[in-house]
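**Q** Prediction below, plus the sequence it came from.
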2 protein chains.
Amino acid sequence: MHIGIIGLGLIGGSLGLDLRSQGHYVWGLSRSQSTCNQAIDIGVTDFAGLSLGDIKTFAQTDVIFICTPIDAILKTIEAIAPHLDSSIILTDVGSVKASIVHAAQKLHPRFIGGHPMAGTAFSGINAAQANLFQGRPCVLTPNDSSDPEALNILRSLWQSVGAVVYECDPEIHDRAVAWISHLPILVSAGLILACDQEPDQAIAQLSKHLASSGFRDTSRVGGGNPQLGTLIAEYNQKALLDSLKQYQAVLANLIQQIESGNWQNLEKSLVLAQELRNSYLII
Amino acid sequence: MHIGIIGLGLIGGSLGLDLRSQGHYVWGLSRSQSTCNQAIDIGVTDFAGLSLGDIKTFAQTDVIFICTPIDAILKTIEAIAPHLDSSIILTDVGSVKASIVHAAQKLHPRFIGGHPMAGTAFSGINAAQANLFQGRPCVLTPNDSSDPEALNILRSLWQSVGAVVYECDPEIHDRAVAWISHLPILVSAGLILACDQEPDQAIAQLSKHLASSGFRDTSRVGGGNPQLGTLIAEYNQKALLDSLKQYQAVLANLIQQIESGNWQNLEKSLVLAQELRNSYLII
């Protein structure tokens, strides 16, 4: 197939590597000339340019993946939609879906949202790696107006790079990831910010010396990319707020158990937490 | 030196391995005959028995480490105190200190609390390993009535097995670990329990399939040993509640930023969280 990738970072770059190794022709778009050069050097794309006008084979394109940050996805679609033949399949890789999918479908009916759940601690084209999606979930979010053939093609492409494809409504996706991906960011950031509230400097300093694997793991996603965390909250505001308020209620209940010294109930809660965690199919 | 270890689990067992390799004579006490046999077989102790009466060299003992679970520490001291010569140094390895230290000092004035912050995901004597304490913090909690010579000896012993020794009041220890060790357990358990509140089964199921490294890390300590978590809450109740309430306030502020769509302030909060996390000296 003839595939375009707009945004050559970790996800776009890794996708290009895998799709080219499957024999597809891949072009890329980036705002940066050095990223374009790098994309060709390391085999992410066959060709890369700064604008659609640079892509001489544009008319032959079958599928375009938009791999920009969340807040650039709709702007990108607005910019390219007038130039797209209606047969071109358009998709994205954003970690929120409802707020993107509905607007994107209006701009280009053959748009289907996607969200490959893969990543590393690094970003940018230099972090691109082959087989990043191997064994990882990828959610596609078609709805009633989505073209079944386009869905089949996207499903096959993601499966060809090793992803385990799930399909659901954009809203279902957003509520599911609010729980296991977006809520943890806020829960974890809150932990770091709360520790900073200790007024006694000796205690604050000692706690920094004593922090170990428990603090490291629980605080990891809260100490991640602040811009990404903010965009996620903005674009998945409602589902995230629902999860956060449920979390507040659960936490208040745990605090009540500790305050009243109800150790039997607290232990029951922690036993339940331990059991429930085992039901998550964590890769 | 002549050293006793009461409680031959991960901590007691690992300590025995290291102290024997330094040339100390080490005896151990365990409630289980098979643990006693195992302790001798794998070199954790020179001798192991089920009661103090079994320890023929008891009168020559210089230091006794109590390495039982938190709720057995004071009971153990009550049981052995009548048999202890006043010259014997007594210490423990419990992860809370104030509620133990004050009572223990009354039972045996040459008691100084200790808390080596080392561990693995495993427990029991089979999890014992050499060099477990290498480079790890160990907090000793002397107070005004502590014997300086006893403190010097304990400090040297912990340093000899590679630990980085910190010294502070028991209350300071408890407040410091409440932030970075005990609060994360409740924050993390709350995350797991909140996710279980999703009423839509399709969403709940999808979230279990999509859970990845972010959820895995943030939920790890909340899915840990429920009995240990409960004991920690019971024995460090006040400091943990103080931390939890501060956490509630911080979380409410983050929620308010999201609810009001104040993305600029939310990003500032997440930038601060990222910066602060880097100030923790995480091993």
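**A** Yep, that arrived.
**Q** Stretch A:206-216: end-to-end distance?
**A** 15 Å (Cα to Cα, to the nearest Å).
**Q** buried sites along that stretch?
**A** Buried residues in stretch A:206-216, counted by 16 or more other Cβ atoms under 10 Å in any protein chain shown: A:206, A:207, A:208, A:209, A:210, A:211, A:212, A:213, A:214, A:215, A:216. The C-beta positions use only the backbone N, C-alpha and C, and glycine is treated the same way.
**Q** Also stretch A:233-250?
**A** A:233-237, A:239-244, A:246-248, A:250.
**Q** returning to what we had before: overlap between the buried residues of stretch A:206-216 and the residues near chain B?
**A** When Cβ under 8 Å from any Cβ of the partner chain is applied, the members of those adjacent to chain B are A:206, A:207, A:208, A:209, A:210, A:211, A:212, A:213, A:214, A:215, A:216.
**Q** okay but the first one is in contact with residue B:169, surely?
**A** No: with contact defined as Cβ atoms under 8 Å, residue A:206 and residue B:169 do not form a contacting pair (10.4 Å).
**Q** Show the overlap between the buried residues of stretch A:233-250 and what lies near chain B.
**A** A:233, A:234, A:237, A:240, A:241, A:243, A:244, A:246, A:247, A:248, A:250.
**Q** hmm, who's touching stretch A:127-139?
**A** A:8-18, A:21, A:42, A:44, A:97, A:114-120, A:158, A:161-168, A:173, A:283, B:206, B:209-210, B:212 (Cβ atoms under 8 Å, 6 or more residues apart in numbering or on different chains).
**Q** In helices, which of these fall?
**A** Taking DSSP state H, the ones among those that sit in helices are A:10-18, A:21, A:158, A:173, B:206, B:209-210.
**Q** And the strands in chain A, which stretches?
**A** Taking DSSP state E, the strands of chain A run over residues A:2-6, A:25-29, A:47-49, A:63-66, A:89-92, A:111-116, A:137-141, A:164-167.
**Q** Which residue ranges of the stretch 51-200 of chain A form helices?
**A** Ranges of helices in the stretch 51-200 of chain A, per DSSP state H, counting those that start in this stretch, are A:70-80, A:98-107, A:148-160, A:170-177, A:183-195.
**Q** ok, and which of the ones you listed has the densest surroundings?
**A** Stretch with highest mean neighbour count among the helices of the stretch 51-200 of chain A: helix A:183-195 (a mean of 27; mean count of other Cβ atoms under 10 Å in any protein chain shown).
**Q** which other helices and strands contact it?
**A** Using 3 or more Cβ pairs under 8 Å, 6 or more residues apart in numbering or on different chains; DSSP states H and E, the elements in contact with helix A:183-195 are helix A:213-219, helix A:226-235, helix A:237-259, helix B:183-195, helix B:213-219, helix B:237-259, helix B:263-278.
**Q** In JSON lines, list those helices along with mean pLDDT and distance to residue B:70.
**A** Compiled in JSON lines, those are given as follows (pLDDT from 0 to 100; distance: least, Cβ to Cβ, whole Å):
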{"stretch": "helix A:213-219", "mean pLDDT": "94", "distance to residue B:70": "16"}
{"stretch": "helix A:226-235", "mean pLDDT": "96", "distance to residue B:70": "36"}
{"stretch": "helix A:237-259", "mean pLDDT": "98", "distance to residue B:70": "15"}
{"stretch": "helix B:183-195", "mean pLDDT": "98", "distance to residue B:70": "14"}
{"stretch": "helix B:213-219", "mean pLDDT": "94", "distance to residue B:70": "23"}
{"stretch": "helix B:237-259", "mean pLDDT": "98", "distance to residue B:70": "12"}
{"stretch": "helix B:263-278", "mean pLDDT": "97", "distance to residue B:70": "29"}
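**Q** Just send the strands of chain A back as a markdown table, with mean neighbour count too.
**A** Conversion of these to a markdown table gives the following (neighbours: other Cβ atoms under 10 Å in any protein chain shown):
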| stretch | mean neighbour count |
| --- | --- |
| strand A:2-6 | 23 |
| strand A:25-29 | 25 |
| strand A:47-49 | 20 |
| strand A:63-66 | 24 |
| strand A:89-92 | 26 |
| strand A:111-116 | 26 |
| strand A:137-141 | 24 |
| strand A:164-167 | 17 |
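**Q** Now distance to residue A:200 too, for those strands, in JSON lines please.
**A** Putting those into JSON lines (distance: least, Cβ to Cβ, whole Å) gives the following:
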{"stretch": "strand A:2-6", "distance to residue A:200": "52"}
{"stretch": "strand A:25-29", "distance to residue A:200": "53"}
{"stretch": "strand A:47-49", "distance to residue A:200": "55"}
{"stretch": "strand A:63-66", "distance to residue A:200": "50"}
{"stretch": "strand A:89-92", "distance to residue A:200": "48"}
{"stretch": "strand A:111-116", "distance to residue A:200": "44"}
{"stretch": "strand A:137-141", "distance to residue A:200": "44"}
{"stretch": "strand A:164-167", "distance to residue A:200": "48"}
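**Q** So, low pLDDT: which residues of chain A?
**A** Counting by pLDDT under 70, the low-confidence segments of chain A come to A:281-283.
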